[in-house]
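Trainee: predicted structure and sequence below. I'll ask about it afterward.
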Amino acid sequence: MAHIAIVGGGIGGLPTAYELRHLLPREHQVTLVSDRSKFTFIPSLPWVAFDMTPLENVQLEIEPLLKWRGIDWVDGKVTHLDPEAKTLVAGDRTLNYDYLVIATGASLNTDAIPGLGPDNGYTHSVCNPHHAEMAREAWLKFEENPGPLVVGAVPGASCMGPAYEFALLADYVLRKRGLRDRVPITFITPEPYAGQLGIGGMANSGKLVTELFKMKQIEWVENAAVTEISPEDVCLSDGRRFPFKYSMLLPPFVGAQFLRDVPGLTDAKGFVPVLPTYRHPELPSIYTVGIASQLAPPEKTAVPLGVPKTGQMTESMGMAVAHNIARDLGVIKSAPVKPALEAICMADFGDTGIIFIAQPVVPDNKTRTRRRSIAKRGIWVSWIKIAFERFFMAKMQNGLGVPWFEKLGLNLLGIRLVEPLSEAERLEEMTHGSGSRPSGSRFGVAREPLQNS
Ligand SMILES: Cc1cc2nc3c(=O)[nH]c(=O)nc-3n(C[C@H](O)[C@H](O)[C@H](O)COP(=O)(O)OP(=O)(O)OC[C@H]3O[C@@H](n4cnc5c(N)ncnc54)[C@H](O)[C@@H]3O)c2cc1C
């Protein structure tokens, strides 16, 4: 009997737990550990910040979801991991594991820039439920006494989509309230050009977003390196200052503290390196899914920028990891798989939206091309995004990872979740499977800091 512990009850962790339970016979124990008792559908948090949906609508209490499904639940923050002893500490409990799936998402490096909020600074964020609630309360006050709005991201940020959503949703909400003429909006981005998105752009993404900005009278500043934020303005490295009454700036993401505390486990930012199967290169019992995993940006940019790990990429990592663990345990016989990292991603702007289909999200690093990339705009995107939120919540409510009908739908659209390893990748896995550790680091994975993230 094996014990599989999954840390993090979010978009990566919960579906992975469901998929593992689906694949593994009951003699194997599956435990989900999370520091929040509720699952949150993070992509809907910009709507929460504008009071367009209550937070409760996009949350589910985790414990009752697991109770009848044979998945154990530990409500606690993991503070210590010992990969050699295969133990982790959550609250006052120490858990032993045979396999560990790290799905801890993003920790926010708000110390990166003086004045970056919201906890100890002046800007808002929509990256977690608590911050989205803070952003909402401040937004309602801002509507009573509006002024300049500054939206965007600071150097090292990696998930630009929500910043675009926030700026364009703000325009939509302010127009509806008759306040738009009192709120100049400026979008500040570390991207080399608007619509680059941390992935070297995609189809006509640059044209689509800049057309929208022009149409909606939103000024934008590219290659912007925010260096400091005061209570009144955002300061860039070239000395330009942008006054604000309300500001939402996405912070850089880093890995969870307990991961960074283990010497040699992660890269300089706390992201966990992975082999094609999403197994750790030196620790065969550790797999990682979602934002916690390491993914190098496709190109170097003048201002540092990370690469986004979207919801669908995260789900495909979870599906691959569950398959590969079931295979390690001899439960399934087929070959190991890797996540295809293809994704459909929707951004809602209230009266319109943009859908991106990227196959894969990060272009091939030799040819710098993708198999397919599409970006389309229309009000129908907003409707699909609302429907998708409900679909995802229903899946989580009903204990489904990626059900067969979703796989079928994605297949019909030509989108893969997982795929076989190439010959070179199989070799890479075998080389690391030996567990040999180069000298100089405890697990031999203390790689160079990622150049650009
Ligand atoms: C504002 C915003 C909007 C987005 N919009 C979209 C979108 O429209 N479409 C899209 O495809 N993607 C979107 N994304 C990306 C998407 O949300 C992520 O891909 C997804 O949430 C990643 O899943 P995850 O499991 O890695 O992290 P999460 O979903 O954040 O889950 C991580 C979990 O781990 C828990 N945790 C962290 N540390 C510990 C610890 N020490 N101990 C125990 N538990 C811990 C956290 O509490 C959390 O429950 C958006 C992201 C953001 C921030």
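Mentor: Received, thanks.
Trainee: quick check: the residue of the stretch 151-300 of the chain nearest the ligand.
Mentor: For the stretch 151-300 of the chain, the residue positioned closest to the ligand under Cβ to the nearest ligand atom is Gly290, at a distance of 2.2 Å. Using the backbone N, CA and C atoms, a C-beta is placed for each residue, glycine as well.
Trainee: can I assume Trp139 sits in a helix?
Mentor: Yes: under DSSP: H, G, I helix; E, B strand; the rest coil, Trp139 falls within a helix.
Trainee: now do the helices in the stretch 1-150 of the chain.
Mentor: 13-23, 45-49, 62-67, 129-144 (DSSP state H, counting those that start in this stretch).
Trainee: follow-up on the earlier one: what's around the residue of the stretch 151-300 of the chain closest to the ligand, how many residues?
Mentor: 25 (other Cβ atoms under 10 Å).
Trainee: show the contacting residues for the residue nearest to it when sequence neighbours are not counted.
Mentor: For Gly290, ignoring the flanking residues on the chain, the nearest one in space by Cβ to Cβ, 6 or more residues apart in numbering is Gly12 at 3.1 Å. Contact analysis of Gly12 by Cβ atoms under 8 Å, 6 or more residues apart in numbering lists 103, 105, 289-292, 314-315, 317-318.
Trainee: same thing with Tyr122?
Mentor: 115, 229-231, 247.
Trainee: tally of neighbours for the residue of the stretch 1-150 of the chain found nearest the ligand?
Mentor: Residue of the stretch 1-150 of the chain nearest the ligand, by Cβ to the nearest ligand atom: Gly10 (1.9 Å). With neighbours defined by other Cβ under 10 Å, the count for Gly10 comes to 24.
Trainee: with Gly115 instead?
Mentor: 20.
Trainee: that one against Thr227, yeah?
Mentor: No: contact criterion Cβ atoms under 8 Å: Gly115 and Thr227 do not qualify, at 9.6 Å.
Trainee: which residues does the nearest residue to Leu23 once chain neighbours are set aside contact?
Mentor: Using Cβ to Cβ, 6+ apart and skipping the chain neighbours, the partner closest in space to Leu23 is Ala326 (4.2 Å). By Cβ under 8 Å, 6+ apart, the contact list for Ala326 reads 20, 23-24, 332.
Trainee: of those residues, which is the most crowded?
Mentor: So for the contacts of Ala326 (other Cβ under 10 Å), the most neighbours sit at Leu20, 26 neighbours.
Trainee: what pLDDT does that one get?
Mentor: Confidence at Leu20, expressed as pLDDT, is 98.
Trainee: how about the residues of the chain near the ligand?
Mentor: 7-13, 33-36, 42-43, 45-46, 77-78, 103-105, 126-127, 159, 161-162, 256, 258, 290-292, 309-312, 314, 345-346 (Cβ under 6 Å from any ligand atom).
Trainee: what about the helices in the stretch 151-300 of the chain?
Mentor: 161-176, 205-215, 257-260.
Trainee: hang on, isn't Ile229 packed against Thr110?
Mentor: No: when contacts are counted by Cβ under 8 Å, Ile229 is not listed as touching Thr110 (10.4 Å).
Trainee: between the two, which contacts overlap?
Mentor: 116-117, 121.
Trainee: may I see the residues you listed organised as a markdown table, with neighbour count added?
Mentor: Below are the shared contacts of Ile229 and Thr110 laid out as a markdown table (neighbours: other Cβ atoms under 10 Å):
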| residue | neighbour count |
| --- | --- |
| Leu116 | 26 |
| Gly117 | 21 |
| Gly121 | 20 |
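Trainee: redo the residues you listed as a markdown table? Include distance to Ala302 and pLDDT.
Mentor: Formatted as a markdown table, the shared contacts of Ile229 and Thr110 follow (distance: Cβ to Cβ, whole Å; pLDDT from 0 to 100):
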| residue | distance to Ala302 | pLDDT |
| --- | --- | --- |
| Leu116 | 20 | 98 |
| Gly117 | 25 | 94 |
| Gly121 | 25 | 97 |
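Trainee: ranges for the strands of the stretch 101-250 of the chain?
Mentor: 107-108, 149-153, 185-188, 218-221, 226-229, 233-236, 241-243, 246-250 (DSSP state E, counting those that start in this stretch).
Trainee: mind listing what's buried in the fourth one?
Mentor: What it means is strand 218-221. Of all the residues in strand 218-221, those buried under the rule 16 or more other Cβ atoms under 10 Å are 218, 220-221.
Trainee: and if you look at stretch 80-91?
Mentor: By 16+ other Cβ under 10 Å, the buried positions in stretch 80-91 come out as 81, 83, 86, 88-90.
Trainee: please consider this matter closed, and thank you.
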